[in-house]
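> Could you look at this predicted model? Sequence included:
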Amino acid sequence: MAKDEVKLFGYWASPFALRVEWALKIKGVEYEYIDEDLMNKSPMLLQYNPVHKKIPVLVHNGKPVAESLVIIEYIEETWKQNPIFPEDPYEKAQARFWAKFADEKCQPSIFSAFLKQGEELEKAVKEARENLKTLEMGLKGKFFGGEKIGFADVAIGWIPFWTGMTEEIIGVKLVDEENMTLLNAWFKDVLNVEILKERLPPRDKTLAHCKNFRESLLSAGASASPST
């Protein structure tokens with residue numbers, strides 16, 4: 001049988017490309033990583049994702065799959081070893097629910113706090129805290145997947161890394177140990193899972209990148225989304 005050819009088009013600072021890499025690593029799938037310049041996207045990326053023209057894109061034996069959560073499900077169904085999803089249909093639905101909640105509620109509210117100042121920052125921080133407190137409800141134990149990481153942890157695991165940097169940049173805590181005990185513990189535990197930890201981008205480099213990104217958006221008076 002011919003060896004699978006797997007390529008991942010990503011961006012070093014993208015949490016959405018990162019979670020695809022995590023899924024590939026957990027599955028033990030060998031892949032070629034292509035880091036894109038998002039200001040000058042390659043013809044191959046535009047060819048493989050002509051609809052959204054964004055990363056990440058997984059190319060498996062010449063066939064492209066776009067959108068990070070869709071890609072993770074594709075990886076799960078294609079390579080059966082080391083399952084990411086639980087077997088129980090209800091638990092599987094719950095994992096999808098919390099991943100979707102994080103993308104639709106937590107990520108936009110954290111990003112809003114990242115961009116705001118003054119009174120608008122206070123409002124954005126309040127919303128982000130409420131969404132993160134709600135996210136805490138999804139924890140089934142040490143992780144969203146119970147005692148071992150699963151789909152939701154892989155999908156949401158980037159939040160502790162980028163939230164910590166957001167807190168440092170805006171000077172406000174979004175998660176505190178007293179009010180979000182379980183989530184605070186998960187923030188620490190998930191980033192200490194070796195297979196996830198080893199693929200995190202360098203914190204200092206990412207922090208500088210985030211600071212520059214924020215300053216450029218604020219000076220331009222523009223709104224943008226990190227979603228890819």
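Now that the structure is in, tell me what you want to look at.

> For this structure, give me the ranges with low pLDDT.
Applying pLDDT under 70 to the chain flags the ranges 1-2, 222-228.

> how is it carved up into domains?
The record's domain split for the chain, according to automatic domain parsing, is 6-78, 89-220.

> Tell me how far K142 lies from L18.
Computed as CB to CB, to the nearest Å, the K142 to L18 distance reads 21 Å. For glycine as for every other residue, the C-beta is placed from the backbone atoms N, C-alpha and C.

> So which of the two has more stuff around it?
Taking other CB atoms under 10 Å, K142 and L18 do not tie; L18 has more neighbours (24 against 16).

> and the more buried one, backbone torsions?
Main-chain dihedrals, L18, degrees, to the nearest 10: phi -60, psi -40.

> Quick one: residues contacting it.
By CB atoms under 8 Å, 6 or more residues apart in numbering, the contact set of L18 is 10, 158, 199-201.

> what secondary structure does the residue nearest to N179 when sequence neighbours are not counted sit in?
In this structure, N179 finds its nearest non-sequential neighbour in K133, 7.1 Å apart by CB to CB, 6 or more residues apart in numbering. Applying DSSP: H, G, I helix; E, B strand; the rest coil to K133 yields a three-state assignment of helix.

> Surely K133 is in contact with L182?
No - counting by CB atoms under 8 Å, L182 is not a contact partner of K133; they are 10.0 Å apart.

> Let me see the ranges of the strands in this structure.
6-10, 32-35, 57-60, 63-66 (DSSP state E).

> Can you tell me which of those is most buried?
Mean neighbour count (mean count of other CB atoms under 10 Å) peaks for strand 57-60 among those, with a mean of 24.

> I would like the residues contacting that one, please.
Strand 57-60 has contacts (CB under 8 Å, 6+ apart) with 4-9, 20, 45, 48-49, 64-66, 71, 74-75, 78.

> same thing but 6 Å
Residues from elsewhere that reach strand 57-60 (CB atoms under 6 Å, 6 or more residues apart in numbering): 6-9, 48-49, 64-66, 71.

> mind checking how far the closest residue to S109 other than its chain neighbours is from E87?
Nearest residue to S109, sequence neighbours excluded (CB to CB, 6+ apart): A128, at 4.1 Å. Using CB to CB, A128 is found at 34 Å from E87.

> One more: F111?
Taking CB to CB, one finds F111 at 34 Å from E87.

> quick one: which of these two has more around it?
F111 (19 against 7).

> Now do stretch 36-52: distance from first to last residue.
From its first residue to its last, stretch 36-52 covers 15 Å (CA to CA, to the nearest Å).

> Go through it and flag the buried ones.
Using 16 or more other CB atoms under 10 Å as the test for burial, stretch 36-52 gives 36, 41, 45, 48-49.

> Same check on stretch 169-183?
169-170, 174-175, 180, 183.

> List just the nearest of those residues to E91.
Using CB to CB, L183 is the member of these that sits closest to E91, with 19.5 Å.

> give me every residue that touches the closest residue to that closest one other than its chain neighbours.
Of all residues not flanking L183 in the chain, E136 sits nearest, at 4.1 Å (CB to CB, 6+ apart). Residues counted as contacts of E136 (CB under 6 Å, 6+ apart) are 180, 182-183.

> Apply 8 Å and report the result again.
Per CB under 8 Å, 6+ apart, neighbours of E136: 180, 182-183, 186.
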